[in-house]
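> Pasting a predicted model and its sequence here:
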Amino acid sequence: MKKFHLRPFALVGLLLMGTACESETSGEQSDNQEAEGSSEEAAAEEGEGPAEQDDWPDPLVYGILPSEDEQELSDEYEPLAGYLSDELGVDVEFHVGTDYNAMIEAMANDHIHVAHYGPFSYVLANERSGGEAFAMGIEAEGEETYQSNIVTLEDSDIESVEDLKGSDIAFVDPASTSGHLFPMSHLVNTLDSSMEEVESMFENVTFAGGHDTAMLALLNGDVDAAGVGDFIVDDVEHENIDQVQIVDETDEIPHGPETIQSDLPESLKDAVVEAFLTMDEDPEVQNFLEDRDNQAGFIEVEDSTYDIIRETSDALEMSPEALME
């Protein structure tokens, strides 16, 4: 794993500079020691003084996945580094993990303090590293969750999940949350059957590799039904798209959370939560939020938000770790 440092913003340094300017103007302070003392008093009045931060890690390390090359990551995440450094008064570094399992282990071993996980990987992080969900990025107000739909075409004889018996169905990927795991869990619960019984009810099961390709398999007549995320209908252009009908919907699926180490100082955790919840008020991080489809900023969540993920694992009789493989 590689670790790189993005531009730190030294809040204490800025406070010292401001105090020095006041000293020159008023003539009330005569040396750097007095300026430093005045700076610390001002910071303490704001609740961000050095005494409160004595037990904070510096730097604060945020875990990210290498979805692109390192320079692109540096450019994309630099606004976040600057924002968090300004808000918290500590340097911010990024730890690039190879996958979610590596990030979970890094948090368990105190190499990272904050990270973004998917819904299933968060449950693992909570179990194995004590990570706590604290915020969720959203694209628009009221869009804290999404669903998976089991869909077919209007001229199909499939009108309920019971009618799926003997059909050909397309899913996205075995590890896809909305493109396989939630639809299968829904069928297990609705039909009061085991995972094995549900799998055997289909004539053929295809993993199309994407939500769009699973939908196209349905639209082109290659399969009788598909299990896909509810967002895909608006993203696919096809002459038969108006013929798509929903057979059934799954439970609501929460978006993945921002997660923080549970054993960090409460004062730091409170400060990090506040920084994320007010991030959308800072114009300098708007492009960063838009790139992550978090235009509406972050809302507060807690561990119980992801109980539905645990229930899904139980229904499929598999651990979150096994479901991610």
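Right, received. Where do you want to start?

> what sits against Asp291?
Residues in contact with Asp291 (CB atoms under 8 Å, 6 or more residues apart in numbering) are Glu76. Using the backbone N, CA and C atoms, a C-beta is placed for each residue, glycine as well.

> oh, I was asking about Thr278
Gly297.

> Repeat that for the one 4 residues further on.
Taking CB under 8 Å, 6+ apart as the definition of contact, the neighbours of Asp282 are Tyr83.

> and if you look at Asp235?
211-212.

> Local confidence estimate at it?
If you check Asp235, the pLDDT there is 79.

> Equivalent analysis for the one 4 residues further on, please.
Here, the pLDDT recorded for Glu239 equals 85.

> Next: the one 5 residues further on.
The model reports Val244 with a pLDDT of 95.

> Surely it touches Val151?
Yes: assessed by CB atoms under 8 Å, Val244 is found in contact with Val151 at 5.4 Å.

> Specify which residue of the two has the higher count of neighbours.
For Val244 versus Val151, neighbours defined as other CB atoms under 10 Å are more numerous around Val151 (25 against 20).

> and for Val244 and Val151, which residues touch both?
Counting by CB under 8 Å, 6+ apart, the shared contacts of Val244 and Val151 are 215, 218, 233.

> so which helix or strand takes in the first one?
Secondary structure assignment for Met215, by DSSP states H and E: helix 211-219.

> Other residues contacting that helix?
With CB under 8 Å, 6+ apart, helix 211-219 has contacts from 151-153, 170-172, 176, 178-179, 206, 208, 223-229, 231-233, 235-236, 238, 240-241, 243-244.

> Just the buried ones among those, please.
Neighbour-count burial (16 or more other CB atoms under 10 Å) is assigned, among those, to 151-153, 170-172, 176, 178-179, 206, 208, 223-229, 232-233, 236, 244.

> Keep only those of those that are in strands.
151-153, 170-171, 206, 225-229, 244 (DSSP state E).

> could I get these as JSON lines with distance to Glu302?
Below are these laid out as JSON lines (distance: CB to CB, whole Å):
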{"residue": "Val151", "distance to Glu302": "32"}
{"residue": "Thr152", "distance to Glu302": "37"}
{"residue": "Leu153", "distance to Glu302": "40"}
{"residue": "Ala170", "distance to Glu302": "35"}
{"residue": "Phe171", "distance to Glu302": "30"}
{"residue": "Thr206", "distance to Glu302": "38"}
{"residue": "Ala225", "distance to Glu302": "35"}
{"residue": "Ala226", "distance to Glu302": "33"}
{"residue": "Gly227", "distance to Glu302": "29"}
{"residue": "Val228", "distance to Glu302": "29"}
{"residue": "Gly229", "distance to Glu302": "24"}
{"residue": "Val244", "distance to Glu302": "36"}
